[in-house]
Every structure is written in structure tokens, then in C-alpha cells.
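# Sequence and predicted structure below; questions after.
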Amino acid sequence: MKFTIQINTGPYTHQASDTAYQFTRAALEAGHEIYRIFFYHDGVNNGTSYSVPPQDDRNLQQLWSDLAEQHSLDMIVCVAAAQRRGIMDEGESAKHGKGSPNIAPGFQISGLGQLIEGGVQSDRLLVFGD
Amino acid sequence: MSDTKTFVYINRKAPYGSIYALESLEVVLIGAAFEQDVKLVFMDDGVFQLTNNQDPESIGMKNFSKTYAALGDYDVNQIYIDQQSLEQRGLSLDDLQALVYEDEDDDWAEKSSIHLVNREELSEIIESADVLLNF
């Protein structure tokens, strides 16, 4: 089955991002296709490279980045939501006169159309977090 | 992209106090370009999103409620209000802004996009969804 995953909550405060990650991994291991992962609302905070959790804790951003690399996942961070919350790639930070970009490897900034298209193209759109 | 799916957006939260109402509206407006079958539901505190005379400037928020009036121009004209939620909050349709569209199959007659629904009808709307988004 072909899935698009939407993640609406940031890491650590709630379990939603962990659950989405575990679901995505399990789906891939079971041979399903992950068409796209779309980060919206505070979910965009999963994509900051400036997250440094304690060493004995999981690093969700790193887990997502590694999974994206292993499986060539299309991981999209909503541009409007990201601008509000300070998640920027090189182009965005230059455009807005900010410092170093902070988007983590494997995450890409794009528009809400990617979410809708994911819903159209996938068998299921699964939403994690509220 | 030839596939057409039914997208149902359920708006459950008050317009201010959290960002969900605004960021839901942003999805709906962008999604309109994809020419899908779109239904909007307003229930729970979400019915407050459509109330008239919103004036949030004093709490430092932008009044985005006028944007809903543009939905008809985006061919988003299936808007369902949960009657029970409205009544529980002491509201009636008169307290909500009128949302209309021009029906191209009926000589562009102006029609209301708003439909008051009970819980049974609401469950049918949810059942009709290929893609269900809760905000």
C-alpha cells in the first residue's frame, strides 16, 4: 500500500513524531511504499538540525534524517508553517536575512500542495499528532 | 493528475487561541487548486470560526475571518455546520457569516454554501471522505 504521512506535532513534548517514525519504519519493513512525509503545524520542528537532546535520549531529527537517507524518503516541511517557526534552508535564510540555515539533512521545504498531492496519489493519508 | 478524491476537512477549534483554524484554511485554499471534491465541516468550537463581527485585534491577532468569504470563488461550496455544536454554544445560523457561491450549472445563480447538518448526516459526510483532515 502507498502511504503519505502527515506529522502535526513537534518532537519530545508528545509521542506523535515517535509513533509516526515507528509506523513509517514498520511500513517500509513490511514492503509498503511511503510516498511522502509531510510536516505541518509544530511538526516542522522535527526538521531542525539545532536539536541536541541528551545523549541517552533518542534524537528524533537524526532518526528521521537517517531513515530518509536509507529509503530515499520524500520528507517535506511546509514552507509557511516553517517560516512562522524559524525552520529555514539556505534559500529561505538568505531571503529573510537570517543566519545559518537550520534545516536538517533529508528534509526539504516546500508548499502545502505537496500535502494535497500526497493525499491524491496515496492509498492512505495518515495523520499523526493534532 | 486525473484522480478526483473527496477531501473532508473537519474544523473543531476556536479561531483564536491556537493556530489550527488559520492553518486549516491555508490547506483548504491551496488544496482548491487541485480540483478535488472538497467538503468543510465546522463542529465543536470550530463553529466560532464563522461567527460574524470578529474583532481579535485587541489580543494582537489578525482577523482572518473575511477570508472564508472567498471560498466560493475557489469552488469550495460544500460547507457543513454541525447543528448540535451550534446550539450547545447558543448560536444560530444568523450568527454566522453568509457564505455563497455562483452555480455555473444554474446560470451563475448565487447560492448558499452552508448546510446545517445533524450527527447522522455528519457521519455520512465523514464516511464519504477519501482523505479526512482534522484541525
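Happy to help now that I have it.
# and chain A, which residues reach chain B?
A:6, A:40-41, A:80-81, A:84, A:111-113, A:115-117, A:119-121, A:125, A:127, A:130 (CB under 8 Å from any CB of the partner chain). All C-beta spots, glycine's among them, are computed from the backbone N, C-alpha and C.
# try it again with 10 Å
Contacts of chain A with chain B, taken as CB under 10 Å from any CB of the partner chain, map to A:4, A:6, A:8, A:40-42, A:78, A:80-81, A:84-85, A:111-125, A:127, A:130.
# ok, B:Leu71 - contacts?
Neighbouring residues of B:Leu71 by CB atoms under 10 Å, 6 or more residues apart in numbering or on different chains: B:25, B:28-29, B:32, B:38, B:40, B:77-79, B:99-101, B:113.
# Mind checking which of those land in strands?
Among these, the ones falling in strands (DSSP state E) are B:Val38, B:Leu40, B:Ile79, B:Val100, B:Tyr101.
# For B:Gln54, grab phi and psi.
Phi and psi for B:Gln54, reported as degrees, to the nearest 10, are phi -70, psi 140.
# Tell me how far it lies from A:Ala104.
To A:Ala104, B:Gln54 is 38 Å away according to CB to CB, to the nearest Å.
# Neighbour count for those two, which is higher?
The residue with more neighbours, out of B:Gln54 and A:Ala104, is A:Ala104; 20 against 17, by other CB atoms under 10 Å in any protein chain shown.
# which residues does the more buried one contact?
With CB under 10 Å, 6+ apart, A:Ala104 has these contacts: A:46-51, A:61-62, A:64-65, A:68, A:75, A:77, A:87.
# Now, of those, which are buried?
For the contacts of A:Ala104, a burial check counting by 16 or more other CB atoms under 10 Å in any protein chain shown picks out A:Asn46, A:Gly47, A:Thr48, A:Ser49, A:Ser51, A:Gln61, A:Trp64, A:Ser65, A:Ala68, A:Met75, A:Val77, A:Ile87.
# Next one, pLDDT for the nearest residue in space to the fifth one that is not next to it in sequence please.
Closest residue in space to A:Ser51, ignoring its immediate chain neighbours: A:Gln61 at 4.9 Å, by CB to CB, 6 or more residues apart in numbering or on different chains. If you check A:Gln61, the pLDDT there is 98.
# Correct me if wrong: A:Gln61 contacts A:Gly43.
No: the pair A:Gln61 / A:Gly43 is not scored as a contact, 11.9 Å apart, by CB atoms under 10 Å.
# Report the beta-bridge partners for B:Asp82.
Judged by DSSP bridges, the bridge partners of B:Asp82 are B:Val117.
# Please write out the alpha-carbon positions of the one helix or strand A:Glu69 maps to in PDB.
Using DSSP states H and E, A:Glu69 maps to helix A:60-71. Extracted in PDB, the C-alpha atoms of helix A:60-71 (Å, rounded to 0.1, in the frame of the first residue of the first chain):
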ATOM      1  CA  LEU A  60      14.300  12.200  16.500                       C
ATOM      2  CA  GLN A  61      15.600  14.600  13.900                       C
ATOM      3  CA  GLN A  62      18.600  12.200  13.400                       C
ATOM      4  CA  LEU A  63      16.300   9.200  13.200                       C
ATOM      5  CA  TRP A  64      14.200  10.900  10.500                       C
ATOM      6  CA  SER A  65      17.300  12.100   8.600                       C
ATOM      7  CA  ASP A  66      18.800   8.600   8.700                       C
ATOM      8  CA  LEU A  67      15.500   6.900   7.600                       C
ATOM      9  CA  ALA A  68      15.200   9.400   4.700                       C
ATOM     10  CA  GLU A  69      18.700   8.600   3.500                       C
ATOM     11  CA  GLN A  70      18.300   4.800   3.800                       C
ATOM     12  CA  HIS A  71      15.000   4.800   1.900                       C
END
